[in-house]
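Engineer: how would this look folded up:
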Amino acid sequence: MFLLNPMKELIPEYLIFPVILVVAVASITYAIYVSYKRRKELAVWALKNDLTFIAEKDDCFDSQYPAFDCLQKGHDRYACNVMYGAIAGRMFIGCDYHYVTGHGRSRQTHSISLIIIKSPILLERLLIRPETFADKFVALAGFDDINFESAEFSRKFYVKSPNKKWAYDIIHPRMMEFLLSMPEFCIQFDLLSVIVYRNCRFSPKDFEAAVSLVNGVFERIPDYIAQDNKIQPK
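Structural biologist: Here you go, the predicted structure:
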C-alpha cells in the first residue's frame, strides 16, 4: 500500500513552494491588519477616555510592577498599546502584555490584557481569580485556598492572601455578591495598586468592565479599613 502526499496530488511539485510563499505572505498580511485594527480601536477608546495612547513596545513594563505575578512569567516580556491617565479620579494604566514560555519546539507566546489602577488606600496582598479544575485537584491534596461562608463564591473563586483576616475583612457578603454579579477577571492587590487581567486580549468593552470592577471593589471596602489605611499626604 502506497501513501500518497496529498499536496503533490493536488498541486504540481513546481508550484508547491510558490503556494507556500503565498500562504505565508497572506498570513503575515492578515496578522498586520488585525494588529492595526486593534491598535486603532484602542486608540479611539483611549481618546474617548482622555487617556494617552502609546502603541510601541515597552520592554521594562514588568520591572515597574514586580509584585504582580502575571507580569513575571516567562521571558521576552513586553507591553504594547499602553493607555494611561486618570479614570474616575484614579491613575490608570491599561495595555496588552506578551511573554514567552519554553524554547525551541516547546516555545509558546502568550498574550493577555490588563489594567492597573492606583488605590486610594494602603492595601495588603490579595489574589482573587476564577477557580479552575486544577485548583480543586490541589485542594484534595490539602493545599486549599481561603473559603468563605458563601458556597457559591467559594466554588467560583480562588482566593489567596498571606493575611486571612485581611481577606475576610475585604471580601464581606456585599463584596461577594458584587463579584459574583460581574464578568470574571483575575484580580490582585499590591500595596498601592490593583491589577485586573485575563489570559486573553480585552476588547474596549472588557477594559470598561475591568474599570467598573475595580471601582466597585474600592467602593465596597469597609469604612473602618479605608480610615485605618488612608494614605497620608506628604
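Engineer: For this structure, give me the ranges with low pLDDT.
Structural biologist: 1-19, 21-34, 136-143, 231-234 (pLDDT under 70).
Engineer: in it, which residue is closest to the centre?
Structural biologist: Taking Cα atoms, centre = their mean, the centroid of the chain lies closest to residue 197, which sits 2.1 Å from it.
Engineer: And the strand or helix carrying it, what does it pack against?
Structural biologist: Element membership of residue 197, judged by DSSP states H and E, is strand 193-198. Under the contact criterion of 3 or more Cβ pairs under 8 Å, 6 or more residues apart in numbering; DSSP states H and E, strand 193-198 touches strand 108-118, strand 186-189, helix 204-219. Glycine gets a C-beta too; all of them are placed from N, C-alpha and C.
Engineer: deepest of those, which one?
Structural biologist: With neighbours taken as mean count of other Cβ atoms under 10 Å, these reach their highest mean count in strand 186-189, at a mean of 21.
Engineer: what's that one in contact with?
Structural biologist: 68-70, 119, 123-130, 194-199, 213-214, 217 (Cβ atoms under 8 Å, 6 or more residues apart in numbering).
Engineer: Excluding chain neighbours, what is closest to residue 220?
Structural biologist: With sequence-adjacent residues excluded and distances taken as Cβ to Cβ, 6 or more residues apart in numbering, residue 220 is closest to residue 175, at 4.9 Å.
Engineer: tell me the secondary structure for that neighbour?
Structural biologist: At residue 175 the chain is in helix, as set by DSSP: H, G, I helix; E, B strand; the rest coil.
Engineer: And the helices in this protein?
Structural biologist: Secondary structure of the chain (DSSP state H): helices at 6-10, 13-48, 61-64, 133-140, 151-156, 164-170, 173-181, 204-219, 223-228.
Engineer: quick one: the closest residue to residue 180 other than its chain neighbours and residue 219, what's the gap?
Structural biologist: Distances taken as Cβ to Cβ, 6+ apart place residue 153 nearest to residue 180, at 6.1 Å, with adjacent residues excluded. According to Cβ to Cβ, to the nearest Å, residue 153 stands 18 Å off from residue 219.
Engineer: Please apply the same query to residue 195.
Structural biologist: 18 Å.
Engineer: likewise residue 59?
Structural biologist: Counting by Cβ to Cβ - residue 59 and residue 219 are separated by 35 Å.
Engineer: One more: residue 135?
Structural biologist: From residue 135 to residue 219 the distance is 28 Å (Cβ to Cβ).
Engineer: before we move on, what about residue 105?
Structural biologist: 48 Å.
Engineer: Contact partners for residue 152?
Structural biologist: Shown in contact with residue 152 (Cβ under 8 Å, 6+ apart): residue 180.
Engineer: Then residue 213?
Structural biologist: Residue 213 touches 182, 183, 185, 187, 196, counting by Cβ under 8 Å, 6+ apart.
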